[in-house]
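Visitor: Build me a model:
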Amino acid sequence: MEQTKKRSGLGRRMLRVLAGLLALLLGLAAFFTLAPLTERVDKSSVDGSADWMSRLNDSLLLSEINLPGTHDSATQYVQLAWFSKCQALSIREQLEAGVRYLDIRLGADGERLKLMHGFTNCKESFDGSTLDFLTVAAMCNYFVSEHPTETVILAVKQEHGEESVAQFQRMLDTVININPRDWLLTDTIPSLGEARGKMVLMRRYEDEAGLGERAGIPLLWPSQKGYQDTSLNTTAVDNGSYTLWVQDRFEYNSEDKWAAFIAGLEQNGAEKGDIALHFLSTKGTAAYGHPYAFAKDLNQRFFKTELPEGERIGWIVLDFVSAELAAHIYETNF
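Guide: Numbers count the residues shown, from 1 in each chain. Here you go, the predicted structure:
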């Protein structure tokens, strides 16, 4: 009898411990799901942000224009948002705010391509369905049809899946072929006049399918984790028809990232036909970081930094962009 009571008491204590652990896990899950909903940006508009490229000369190469861009552009609503969310504006809102470079990460889902960040799916809304690339392409096409002086660069990366690069390319090409006149497909950097009213495809993978110009402009660089050596900033990479000067040190803390960003702005050797690509985004040195915490600090520093007007800076890619931050970049063109 006594042993039975002891076993019964032990069982109740174990149940209480398990119930406590379950409550803790549910609480953490709720926090990591709901807290990112409060991670917002100032949605104040800036006059002329939707048509700022109308003020530029047709003869300029896209590489000569100082462009605002976004990192993981489709992550306004994304699974595991605490770790994966990098934007508080939708893609439509980003384009209206002046963003002209989109970081588009795709994975295969059956016969369609979906937006992803790592292994997490991007969604159309907080409780909506997975965001489809057809939807994103339609958003971009609608924008440039309404604002024909503008262009949108889609820098596409194969983010997840078991498909080969060639298979992925053919899936993407199928989507492009639905409305081919909406796209500017070339393997060299076009002029703004050629790109106006079009979506421009850039690719972060080799042309294994042999599509040539249809594969888009190569935008290739080796991963820049590199947090062990925090002196690293910009790297020059041969992309065939041009040299890419890129700083994407995404595993630095705020101080080291800011130092790398500023050094990259000052030290890149990009010439007229080259691209200078500067990422201000980072996840920090942890395995799974919290992008919003870093973006709050880095974006504030960036907005307070006086950029040289009328000088070539390059394409600057941000987490949690706003119209004011975008204008801080594109106004340097004038």
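Visitor: and the residue lying closest to residue 182 once chain neighbours are set aside, how many neighbours?
Guide: With Cβ to Cβ, 6 or more residues apart in numbering as the criterion, residue 182 has its nearest non-adjacent residue at 4.6 Å, and that residue is residue 141. The C-beta positions use only the backbone N, C-alpha and C, and glycine is treated the same way. For residue 141, the neighbour count with other Cβ atoms under 10 Å is 18.
Visitor: Wait, a helix at residue 141?
Guide: Yes - counting by DSSP: H, G, I helix; E, B strand; the rest coil, residue 141 is located in a helix.
Visitor: thought it was touching residue 181?
Guide: No - Residue 141 lies out of contact with residue 181 (Cβ atoms under 8 Å); the separation is 9.7 Å.
Visitor: got a list of what residue 43 touches?
Guide: For residue 43, the contacting residues are 89, 93, 322-323, by Cβ atoms under 8 Å, 6 or more residues apart in numbering.
Visitor: of those, closest to residue 269?
Guide: residue 322 (30.5 Å; Cβ to Cβ).
Visitor: From residue 230, how far off is that closest one?
Guide: 28 Å (Cβ to Cβ, to the nearest Å).
Visitor: the domain parsing of this protein - what is it?
Guide: Domain ranges of the chain: 1-38, 39-333, per automatic domain parsing.
Visitor: Take the ones you listed and lay them out in CSV including mean pLDDT.
Guide: Shown next, in CSV, are these (pLDDT from 0 to 100):
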stretch, mean pLDDT
domain 1-38, 75
domain 39-333, 96
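Visitor: most tightly surrounded among the ones you listed?
Guide: For the domains of the chain, the largest average neighbour count (mean count of other Cβ atoms under 10 Å) is found in domain 39-333, namely a mean of 19.
Visitor: what's the first-to-last distance across it?
Guide: Length of domain 39-333, first residue to last, Cα to Cα, to the nearest Å: 30 Å.
Visitor: Show the residue spans covered by the helices in the stretch 151-300 of the chain.
Guide: 165-176, 192-195, 254-267, 291-304 (DSSP state H, counting those that start in this stretch).
Visitor: Please identify which helix or strand holds residue 317.
Guide: In this assignment (DSSP states H and E), residue 317 forms part of strand 315-318.
Visitor: helices or strands next to that strand in the packing?
Guide: Applying 3 or more Cβ pairs under 8 Å, 6 or more residues apart in numbering; DSSP states H and E, one finds that strand 315-318 makes contact with strand 67-70, strand 101-109, strand 275-279, helix 291-304.
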